[in-house]
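Chemist: Have a look at this fold, sequence not included:
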């Protein structure tokens, strides 16, 4: 299921939160098998509880200004869905216009969907010993996602595969559009993942032609490989390794059964993704945030010093910034001040990530959000979704 379809299901379920007959057969719960397996509650009760808990997870931290955008979005969701107020009643309660309320609800729904998306069901795979070694290596790998041409990735992969194609008498018929938007991936890892999967396909194939198609969607480019080989439920090392490599950088990979065999679908994030500048002296934090954010198609820019941060912020124009205020020989508050004093960066939302418990100071100096270290993955994702959502215009 794509995220857009998932988000629509979340919105639909929230709009019928207290309609037990409507929620009982709702397909959203099937995405959460741990919830669905609890026999003590009805399906409607389980789904209602899950949605309410997720909204409460968006409650801003203690010390956040009550008039902040985070509070408005949270309260809009709580009044409208949990308390069941009408839009008119919610407008009055929050003291905002209908148009602004709709913006706040949209922003809040995005955050709720993002949190639930992280919790949804994923295939349970018992890792092979060799795959676990790869996971350990990937944890140390400095992922370098860059703009890449799809045709170049395919040409390089098929060149690597050519000896095996010739040996097995398999031909790969490619159907590519004349113009393709670039994708945003680590080229080295991506070629390896594609090679692993296509190698399985060729090994399982009798002499015949496999077809390869590329299609573009709004935010993703998909490579679809169809073959008579059946790869659904594949568990061998090459497949698990490819899944790990793809997950590290936000690429989806799935095998589907079709009438004539199976099709393999790679889904690549497009190059035009939101940019986040991560300012931290700790290399481990940079890698951690890459792993947290890659599945959500963020482009990460790295800065390890105050001067580098200010330079990159002005040159790269990120959509958001995360800032550690405790760095050796660097006063993070001065970096925040420098960002606020530069016309080119003053409007970029800054999220303070620190071991210091100073949310009030952070907000008073212009930060849009504050996260206490160690930063929780879901909290980081939800916070970025909030600060990147369109802000209501001041009358």
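Modeler: Done, it's in. Remember, it's a predicted structure, so these values are computed and weren't measured experimentally. Residues are numbered from 1 along each chain as shown.
Chemist: Would you mind pulling the contact partners of the helix or strand where residue 55 lies?
Modeler: Here residue 55, judged by DSSP states H and E, is contained in helix 43-57. Here helix 43-57 makes contact (C-beta atoms under 8 Å, 6 or more residues apart in numbering) with 10, 13-14, 17-18, 20-21, 23-26, 28-29, 32, 35-36, 38, 41, 74, 77-78, 81-82, 108, 112, 115-116, 378, 382. Where you see a C-beta, it was placed from the backbone N, CA and C, and this is true even at glycine.
Chemist: if we go to 7 Å?
Modeler: If you take C-beta atoms under 7 Å, 6 or more residues apart in numbering as the criterion, helix 43-57 is touched by 13-14, 17, 20, 23-24, 26, 28-29, 32, 35-36, 38, 77-78, 81-82, 112, 115-116.
Chemist: same thing with stretch 79-95?
Modeler: Counting by C-beta under 7 Å, 6+ apart, 14, 17-18, 52, 55, 72, 75-76, 97-98, 101, 105 sit against stretch 79-95.
Chemist: Tell me which residues of the helix holding residue 55 come out buried.
Modeler: 43-44, 46-48, 50-52, 54-55, 57 (16 or more other C-beta atoms under 10 Å).
Chemist: Out of these, the closest to residue 194 would be?
Modeler: Relative to residue 194, the closest of the buried residues of helix 43-57 is residue 54; by C-beta to C-beta it sits at 35.2 Å.
Chemist: per-residue pLDDT, that closest one?
Modeler: Looking at residue 54, its pLDDT stands at 88.
Chemist: Can you tell me who residue 256 pairs with across the strands?
Modeler: residue 263 (DSSP bridges).
Chemist: Nearest the geometric middle of this protein, what residue?
Modeler: Geometric centre of the chain, nearest residue: residue 296, 1.5 Å, by C-alpha atoms, centre = their mean.
Chemist: backbone phi and psi for the nearest residue to it once chain neighbours are set aside, please?
Modeler: Nearest non-adjacent residue to residue 296, counting by C-beta to C-beta, 6 or more residues apart in numbering: residue 381, 6.1 Å away. As for residue 381, its main-chain torsions (degrees, to the nearest 10) stand at phi -60, psi -50.
Chemist: what's residue 381 in contact with, if anything?
Modeler: 114, 118, 292, 296.
Chemist: Could you single out the nearest of the residues you listed to residue 169?
Modeler: residue 296 (41.8 Å).
Chemist: How much space separates that closest one from residue 325?
Modeler: Distance from residue 296 to residue 325, counting by C-beta to C-beta, to the nearest Å: 25 Å.
Chemist: before we move on, what about residue 244?
Modeler: From residue 244 to residue 325 the distance is 34 Å (C-beta to C-beta).
Chemist: again with residue 253
Modeler: Applying C-beta to C-beta to residue 253 and residue 325 gives a distance of 38 Å.
Chemist: These two: which has the busier surroundings?
Modeler: Neighbour count, other C-beta atoms under 10 Å: between residue 253 and residue 325, residue 325 has more, with 22 against 19.
Chemist: I'd assumed residue 351 was in contact with the more buried one.
Modeler: No. Residue 325 is beyond contact range of residue 351, at 11.4 Å (criterion: C-beta atoms under 7 Å).
Chemist: anything in contact with each of the two?
Modeler: By C-beta under 7 Å, 6+ apart, no residue touches both residue 325 and residue 351.
Chemist: Let me know the angle separating the longest helix anywhere in the chain from helix 43-57.
Modeler: For the chain, the helix with the greatest residue count under DSSP state H is helix 98-119. Counting by axes from the mean of the first three to the mean of the last three C-alpha atoms, to 10 degrees, helix 98-119 lies at 110 degrees to helix 43-57.
Chemist: what's next to helix 98-119, contact-wise?
Modeler: 3, 6-7, 10-11, 32, 54-55, 57-58, 72-74, 76-77, 80, 87, 90-91, 94, 378, 381-382, 385-386, 389-390, 392.
Chemist: ranking the contacts of residue 381 by neighbours, who comes first?
Modeler: Most surrounded of these: other C-beta under 10 Å gives residue 114, at 23 neighbours.
Chemist: what's the spacing between that one and residue 172?
Modeler: 37 Å.
Chemist: Repeat that for residue 183.
Modeler: 19 Å.
Chemist: With neighbour numbers in mind, choose between these two.
Modeler: Set residue 183 next to residue 172 and count neighbours by other C-beta under 10 Å: residue 183 wins out with 26 against 19.
Chemist: how much space between the more buried one and residue 219?
Modeler: From residue 183 to residue 219 the distance is 11 Å (C-beta to C-beta).
Chemist: just to revisit the earlier point, in the longest helix of the chain, what counts as buried?
Modeler: 100-101, 103-105, 107-117.
Chemist: Among those, which one sits closest to residue 213?
Modeler: Out of the buried residues of helix 98-119, the member with the shortest distance to residue 213 (by C-beta to C-beta) is residue 117, at 26.7 Å.
Chemist: and the gap between the closest one and residue 6?
Modeler: Distance from residue 117 to residue 6, by C-beta to C-beta: 6 Å.
Chemist: Please parse the protein into its domains.
Modeler: Per the record, the chain has its domains at 3-119, 129-269, 275-388, by automatic domain parsing.
Chemist: Please identify the deepest-packed of these.
Modeler: domain 275-388 (a mean of 18; mean count of other C-beta atoms under 10 Å).
Chemist: What is the end-to-end distance of that domain?
Modeler: End-to-end distance for domain 275-388: 10 Å, by C-alpha to C-alpha, to the nearest Å.
Chemist: which residues touch stretch 269-281?
Modeler: Contacts for stretch 269-281 (C-beta under 7 Å, 6+ apart): 147, 181-184, 219-221, 250, 286, 289, 293, 297-304, 309, 312-313, 316, 318-324, 327-328, 335, 384, 388.
Chemist: Of those residues, which belong to strands?
Modeler: Among the contacts of stretch 269-281, the members falling in strands (DSSP state E) are 147, 183-184, 220-221, 299-303, 320-323, 327.
Chemist: What pLDDT does the model give residue 126?
Modeler: In this prediction residue 126 is given a pLDDT of 45.
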